[in-house]
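**Student:** Here is the input, now give the coordinates:
(chains A and B)
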Amino acid sequence: MVKSVITGNYASSYGAKLARAQVIAAYPITPQTSVVEKIAEFVAEGTMDTQYIKVESEHSAMAACITASQTGARTFTATSAHGLTLMHEMLIWASGARTPVVMTNINRAMAPPWSVWADHLDSVAQRDTGWIQYYCESNQEVLDTIITAYKVSESREIMLPSMLTLDAFYLSHTYETVDIPDQDKVDKFLPPFDPLYKFDVEDPHLFGSLSFPHQFYMEWRYQIALSMERARDKILEIDKEFESMFGRSHGGLLDLYRCDGAEVVLIAAGTMASTIREVVDQLRDEGEKVGLARLRVFRPFPAKEIRELAEKIDVLGVLDRSYSFGYGGAFFAEIGGALYNHPDKPVLKNYVVGIGGRDVTPNTVRGIFENALSLQDRGLDKEIEWIELKEGGE
Amino acid sequence: MAKLTIPREEYMFPGHMGCLGCGGVLAMRYVLKALGKRTIVSVPACCWAIMSGIFPNSCLSVPMVNTAFETTGASVSGIRAALDALGIKDVNVLGWAGDGGTLDIGIQALSGAVERGHDIIYVCYDNEAYMNTGIQRSSGTPEGAWTTTTPVGKTKAWKKGPKKNMVEIMVAHKIPYTATAAISYPEDLIKKVTKAKNIYGPKYIHIFSPCPTGWRMPPGKSVEIARLAVQTCAFPLYEIENGVYNITKKPKKKPLKDYLQMQGRFRHLPEEEIQKMQKDVDREWEILLKKEEFTKSL
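**Tutor:** Here you go, the predicted model:
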């Protein structure tokens, strides 16, 4: 074990190295570049044994990861924003082909106008692609999640790809103390990739051939849905296993903070959660019954955990760092969906915050809590609210 | 009796889903004969994505993977990298795409793959239009051709402008081996694929594969038309090894008209257009002869 002070991006690179990713195909994009630069250094120094394909686009990065995975290799890539959305077709392909690719995505806003700062639209927009999605809060979580994500994804009953995301600059370029575990220990935790089916000249098969409507296409999609359902328990199981070996957990699917006895809870993903923790502590000191639920895993969707939380509270404020131009932010719409058939529902409100990297300060969070607390008595004021819009923005 | 130079082994079997007289069927059959059992094929959206078989059937006895339309180059890069990572040797990695998947939507991934130098063989089976979707023009469609998106009509809206020269684009990447081949000359085709198999690095082979359905001609004429394409110099057979050009068939040149008049897709062309196309073919052939002459001493 080595304690190092590294960025979220480097934590990603170390995670891929410790997981012994055998094929890496990646293309540079701000603010992901230092992930792939560090891996290039590992390879150049001979400290990492991997086939590193410096592809000509993110679309090709994912295409190469998919076939490498189908050939039987553990694969990794990293991207951000436009890179991730360029991959969209291949993200669906990856889950359809049942390839457990693991990818880091640096959450960045989509142009135009150009913005390289934190925003969740890039990965939230991939929510229907069949990828497991983790939203990380710390650099340690980034490194650990890469290792656990492989174990979850490569389980024969799952066989789905995983993406872990971290906020641009707040984590990607911020240095934090990270425990880099020993390789031997990671090797004991994470066995080599051993897929049931792969390209084999001695046992030839045809992969992905045409399926008529009366055949099995629908059943194959259903199998993906079942695997995604099974991933809930699998993530919790692997999280526990990791904790027993490494002494840390990052909160499973929904990471609750001071929710015991809370009446008003904010739910958020990514680095905003750290700010909310601070404000929760302050408000608790002031006697307010508030808490935080960090949406660590968005896919599979932690509906059960959200319902259990919802039963105990009066107001649930959903913070979305993206907007879906449909009915509020995607987190809000899905949480609302999960609660609709649940008998005991809190007041549910959507706070749209931090778009394009707009800072979400303790004051911002305090303002949101104040509004949410006021809803306890007066009921819902406005279902969807954009927070701290500049003058003239409305 | 002449000695049979085409391997007897078959890696493609009856039951494929190709049309009658499909040139792409013969192309795959010959290429696999040359490459053998230890081959993995990656195929994007194209006729071959269907021809290979509907689930759960396959007409190939080598592993084949379907990949997205524009990803053939990237997909073979991934397969080769994984084989290297796993220490699996002596396996041919074959990318197999049509002219649309190669010259149009897949050109970026192909350019990337060959520039990076992966040890792969990429075959473009060229039927000169998007045939799987029903005969739409691609940048591989020759000038003058009718397709459903160049439907001629009253305004003479046939395909305008020359066919994209993919072979020269590959040569410009300075890859070790590039060749053209045609289903009408199987010995020449197999010789080239065998040569490619034994060269390390990216190899590109462009195979002329007539499509009776799209070219509006009888299914029994595919081989004959592919022979005429070579004999009229509309599609010359040559190879480029490390920059040196070698024309593998130097025909007694027949008039282009012999080739054009057998196909319904050129039926509308007026005489002056045919004369212009003949001039273009003559010019291209002269250039090719000069390239061979010029690079001989390299």
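
**Student:** How much space separates residue B:13 from residue B:34?
**Tutor:** Using CB to CB, to the nearest Å, residue B:13 is found at 17 Å from residue B:34. In short, each C-beta sits where N, CA and C put it, glycine included.

**Student:** Number of residues surrounding residue 116?
**Tutor:** Because you didn't say which chain, this covers chain A. Neighbour count of residue A:116, defined by other CB atoms under 10 Å in any protein chain shown: 19.

**Student:** wrong one, chain B
**Tutor:** 17.

**Student:** which residues does it contact?
**Tutor:** Contact partners of residue B:116, counting by CB atoms under 8 Å, 6 or more residues apart in numbering or on different chains, are A:53, A:54, A:55, B:77.

**Student:** Can you tell me which of those are buried?
**Tutor:** A:53, A:55, B:77 (16 or more other CB atoms under 10 Å in any protein chain shown).

**Student:** Close to chain B: what parts of the stretch 101-250 of chain A are there?
**Tutor:** When proximity is defined as CB under 8 Å from any CB of the partner chain, the stretch 101-250 of chain A approaches chain B at A:199-201, A:204-212, A:215-216.

**Student:** Select, from these, the two members most distant in space.
**Tutor:** Within those, A:201 and A:212 form the most distant pair, 28.6 Å apart (CB to CB).

**Student:** Just want to know which of those two has more residues nearby.
**Tutor:** Legend: neighbour count by other CB under 10 Å for residue A:201 and residue A:212, higher for residue A:201 (17 against 9).

**Student:** Go ahead and confirm residue B:64 touches residue B:58.
**Tutor:** Yes: Residue B:64 is within contact range of residue B:58, at 6.8 Å (criterion: CB atoms under 8 Å).

**Student:** which residue is nearest the middle of the chain?
**Tutor:** Unless you meant another one, I'm taking chain A. A centroid search over chain A (CA atoms, centre = their mean) returns residue A:134, at 2.3 Å, as the residue closest to the centre.

**Student:** I was after chain B.
**Tutor:** Short answer for chain B (CA atoms, centre = their mean): residue B:207, at 2.6 Å.

**Student:** Am I right that that one falls within a strand?
**Tutor:** Yes: under DSSP: H, G, I helix; E, B strand; the rest coil, residue B:207 sits within a strand.

**Student:** ok, now which ones touch it?
**Tutor:** Residues in contact with residue B:207, defined by CB under 8 Å, 6+ apart, are B:23, B:27, B:31, B:123, B:124, B:125, B:126, B:180, B:181, B:182, B:183, B:189.

**Student:** and these, which of them are in helices?
**Tutor:** If you go by DSSP state H, the contacts of residue B:207 have B:23, B:27, B:31, B:189 in helices.

**Student:** State the distance from residue B:227 to residue A:207.
**Tutor:** 36 Å.

**Student:** Just the helices from chain B, written as ranges.
**Tutor:** Going by DSSP H, chain B shows helices at B:23-35, B:47-51, B:72-86, B:99, B:107-116, B:166-172, B:186-197, B:212-215, B:222-231, B:256-260, B:271-295.

**Student:** Quickly list what residue A:80 is bridged to.
**Tutor:** Taking DSSP bridges as the rule, residue A:80 bridges to residue A:106.

**Student:** Was I right to think it contacts residue A:33?
**Tutor:** No: taking contacts as CB under 8 Å, residue A:80 lies outside contact range of residue A:33: 9.1 Å.
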